[in-house]
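> Next one to model:
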Amino acid sequence: MAETTYNNIILIGFSGSGKSVVAQTVARRLGWQAIDTDDEIVKLAGKPIPDIFVQQGEERFREMENQVLQQACAGSKTVIATGGGAILNAGNREMMSRSGVVICLEAKPQTIHRRLLQNTGGSSNGTQVRPLLMSPDPMQRIEQLKSSRQPYYAMADWTVHTDELSLEQVSEEVVRVWRYSTQPACQVTTATQQYPVFMGRSWLKRLGREMRRSGLSGSAYIISDEMVFHLYGQRLSQMLEDSGFKTGSYVVPPGETTKSLYTATAIYEFLAERHAERGDTVVALGGGMVGDLAGFVAATYLRGMPLVQVPTSLVAMVDASIGGKVAVNHPKAKNIIGAFYQPRLVLADIDVLSSLPHRELVSGWAEVVKHGLILDAEYFRFLEQNVERLLRLEPETTTDAVARSAAIKAQIVSEDEKEQGQRTLLNYGHTVGHGLEAAGGYERFLHGEAVAIGMMAAAFISQRLGMIPAELVERQSRLLEKLGLPTHCTDVDKQAVLTAMELDKKVQRKATRWVLLEGLGRAVVRRDVPHNLVLAALDEVIQ
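Residues are numbered from 1 along each chain as shown. Model (predicted):
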């Protein structure tokens with residue numbers, strides 16, 4: 001099956017939505033060519049479109065439409081304005097989807113009727129709309145046809161609502177969408193793998209095509225938890241099948257206790273029963289737990305299968321899905337059975353955040369705040385200034401925040417894939433955080449909640465060592481609390497936390513490596529933190 005490219009822009013939408021004139025304008029801006037399929041049909045037939053309908057029938061018209069669309073889609077650097085009914089044919093939809101970015105120009109029936117009467121929305125031959133309006137009540141005809149075609153317009157990668165926009169504004173939006181669609185939010189480049197991280201709104205439906213672009217084929221085995229699969233699993237399976245993949249799915253209970261060798265073994269059985277091959281793909285659909293578990297399975301089954309991360313939680317989008325850390329838990333410590341295994345691609349759809357349980361969403365902000373504290377002071381200030389917008393999940397601000405956080409993680413991973421140096425800084429708050437998770441049996445705390453408390457312990461130690469002022473500790477605490485994250489806890493066995501910390505992956509030569517702050521946006525690794533100061537920090541956050 002041919003690999004998807006994004007060399008073309010395909011405009012779909014009802015007659016009168018402005019496809020033809022927008023195609024011409026966008027093509028001029030990009031230095032591309034513009035093709036109007038209705039114009040090409042007129043050239044092919046040697047007669048106007050109404051005559052084709054009357055003399056040869058709609059079936060013949062649709063055959064010619066398919067022919068000229070196929071020729072247009074075979075090219076590159078082309079803006080293609082399609083006829084209003086082109087999307088009715090499944091073959092046309094698949095062809096357009098594989099040829100480029102599909103953008104639907106949308107307009108209300110009243111707007112369409114006005115434009116058609118003014119003859120401003122049709123093709124340059126000015127006649128394409130007439131066969132569709134041969135009715136005593138054109139407005140009613142528009143509403144009926146538009147309603148029947150609306151489900152097919154959903155195939156578009158993006159929709160631009162044109163009612164209140166000028167030609168230049170619509171064209172500008174189309175160009176912006178195309179540029180956004182063709183570039184990942186960031187790229188991870190390590191010694192073992194290079195892969196894109198796609199992040200934005202309405203990206204989930206593009207997974208199959210992006211997998212094709214990455215050279216993947218065969219079967220795609222979706223690993224997910226019960227809650228996430230209920231929301232997105234069947235839809236994702238269908239979209240992957242539409243892209244030519246055979247699919248299977250294995251669904252696990254939600255929660256960190258699921259991330260075990262026992263569950264991994266059950267997934268091995270599932271893959272073995274289906275004769276999974278090394279060239280097939282494991283798709284991790286879910287939060288950090290699913291990403292770690294599915295990634296561990298992908299890294300170890302058949303000595304390695306391609307892995308695709310589709311994070312659905314905030315913490316997974318900005319942290320867990322990027323960087324190739326995959327693992328399962330041991331009852332005594334978190335993530336100590338694992339590997340570094342990079343995915344082929346990461347695709348995060350910001351829209352799914354709105355379906356997260358409130359506590360799960362809030363938990364994710366801990367990793368976001370962490371990235372600002374340790375590496376990017378300007379980003380931390382951006383978070384402080386936009387707390388209310390982030391809590392409301394305002395699309396533009398949220399997308400910006402998540403993409404910038406993911407880019408920070410991607411940069412660190414690219415420089416230090418296997419945590420031999422700077423990547424260790426990403427563990428700020430995790431030493432105590434992982435200890436809290438283990439002491440709570442992986443059930444009491446969500447990961448972000450434990451990390452938030454752990455960051456307060458690390459900030460306390462940083463201040464006591466004279467590395468940062470109290471004012472920065474207060475700023476950290478204030479931002480975490482505004483985002484709804486805990487800064488301390490009660491009724492936790494401190495000795496159990498200490499025991500788990502001794503088994504932590506960051507222990508080196510029996511000494512815990514602490515990630516501490518020496519300023520906003522600046523973190524360091526210290527191995528000389530006195531034990532009595534560690535105990536004092538635990539007393540500070542475990543009350």
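> Can you get me a residue count around the residue nearest to residue 27 when sequence neighbours are not counted?
Excluding the flanking residues, the one nearest residue 27 by C-beta to C-beta, 6 or more residues apart in numbering is residue 34, at 3.7 Å. Heads up, the C-betas are built off the backbone N, CA and C, glycines and all. Residue 34 has 21 neighbours, counted by other C-beta atoms under 10 Å.
> before we move on, what about residue 442?
By other C-beta under 10 Å, neighbour count at residue 442 equals 21.
> quick one: which helix or strand includes the closest residue to residue 45 other than its chain neighbours?
Sequence neighbours aside, residue 52 is the residue nearest to residue 45 in space, at 5.3 Å (criterion: C-beta to C-beta, 6+ apart). According to DSSP states H and E, residue 52 maps onto helix 49-73.
> Okay, buried residues for stretch 36-43 please.
The neighbour-count check on stretch 36-43 (16 or more other C-beta atoms under 10 Å) flags 36, 37, 38, 39, 40, 41, 42 as buried.
> how about these in JSON lines, adding secondary structure and distance to residue 108?
Shown next, in JSON lines, are those (DSSP: H, G, I helix; E, B strand; the rest coil; distance: C-beta to C-beta, whole Å):
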{"residue": "36", "secondary structure": "strand", "distance to residue 108": "23"}
{"residue": "37", "secondary structure": "helix", "distance to residue 108": "24"}
{"residue": "38", "secondary structure": "helix", "distance to residue 108": "22"}
{"residue": "39", "secondary structure": "helix", "distance to residue 108": "26"}
{"residue": "40", "secondary structure": "helix", "distance to residue 108": "29"}
{"residue": "41", "secondary structure": "helix", "distance to residue 108": "27"}
{"residue": "42", "secondary structure": "helix", "distance to residue 108": "28"}
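> Return the member of these nearest to residue 367.
residue 37 (47.0 Å; C-beta to C-beta).
> wait, isn't that closest one in contact with residue 80?
Yes: if you go by C-beta atoms under 8 Å, residue 37 and residue 80 touch, sitting 6.7 Å apart.
> Need the residues touching each of the two.
69, 72 (C-beta atoms under 8 Å, 6 or more residues apart in numbering).
> Checking my notes, residue 523 in a strand, right?
Yes: counting by DSSP: H, G, I helix; E, B strand; the rest coil, residue 523 is found in a strand.
> so what's the spatially most central residue of the chain up against?
Geometric centre of the chain, nearest residue: residue 348, 1.1 Å, by C-alpha atoms, centre = their mean. Residues in contact with residue 348 (C-beta under 8 Å, 6+ apart) are 197, 198, 199, 200, 203, 310, 311, 316, 317, 321, 402, 406.
> and it, what pLDDT?
At residue 348, the predicted lDDT confidence score is 94.
> what secondary structure does it sit in?
Once three-state DSSP is applied, residue 348 turns out strand.
> Write down the beta-bridge partners of it, one by one.
residue 199 (DSSP bridges).
> In terms of helices and strands, where is residue 435?
Counting by DSSP H and E, residue 435 is part of helix 430-439.
> quick one: average confidence on that helix?
93.
> Relative to the whole chain's centre, how far out is the following helix or strand past it?
Where DSSP H and E defines the elements, the next helix or strand beyond helix 430-439 is helix 447-464. Here helix 447-464 is found 28 Å from its chain centre; the criterion is C-alpha atoms, centre = their mean, to the nearest Å.
> And residue 408, how close does it get to residue 25?
Distance, residue 408 to residue 25, by C-beta to C-beta, to the nearest Å: 37 Å.
> same deal with residue 344?
With C-beta to C-beta as the criterion, residue 344 and residue 25 are 37 Å apart.
> swap in residue 187?
31 Å.
> With neighbour numbers in mind, choose between the two.
residue 25 (20 against 14).
> Show me what whatever helix or strand the residue nearest to residue 27 lives in is packed up against.
Assigned by DSSP H and E, residue 34 falls within strand 33-36. Strand 33-36 sits against helix 19-30, strand 78-81, with contacts defined as 3 or more C-beta pairs under 8 Å, 6 or more residues apart in numbering; DSSP states H and E.
> In terms of secondary structure, what does the shortest one contact?
Using 3+ C-beta pairs under 8 Å, 6+ apart as the contact criterion, the secondary-structure elements in contact with strand 78-81 are strand 8-12, helix 19-30, strand 33-36, helix 37-45, helix 49-73.
> In a markdown table, list the ones you listed along with mean pLDDT.
Supplementary listing: these in a markdown table, determined by pLDDT from 0 to 100:
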| stretch | mean pLDDT |
| --- | --- |
| strand 8-12 | 95 |
| helix 19-30 | 94 |
| strand 33-36 | 96 |
| helix 37-45 | 94 |
| helix 49-73 | 92 |
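> CSV for those, including distance to residue 95?
Listed next are these as CSV, based on distance: least, C-beta to C-beta, whole Å:
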stretch, distance to residue 95
strand 8-12, 9
helix 19-30, 17
strand 33-36, 14
helix 37-45, 12
helix 49-73, 5
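> just these: most buried one?
strand 8-12 (a mean of 27; mean count of other C-beta atoms under 10 Å).
> Determine the angle, from 0 to 180 degrees, between that one and helix 49-73.
Put simply, strand 8-12 runs at 150 degrees to helix 49-73, going by axes from the mean of the first three to the mean of the last three C-alpha atoms, to 10 degrees.
> ok, so what distance separates residue 57 from residue 51?
11 Å.
> An error on my part: the question was meant for residue 353.
52 Å.
> I'd say the residue nearest to residue 27 and residue 81 touch.
Yes: taking C-beta under 8 Å as the definition, residue 34 is a contact partner of residue 81 at 7.0 Å.
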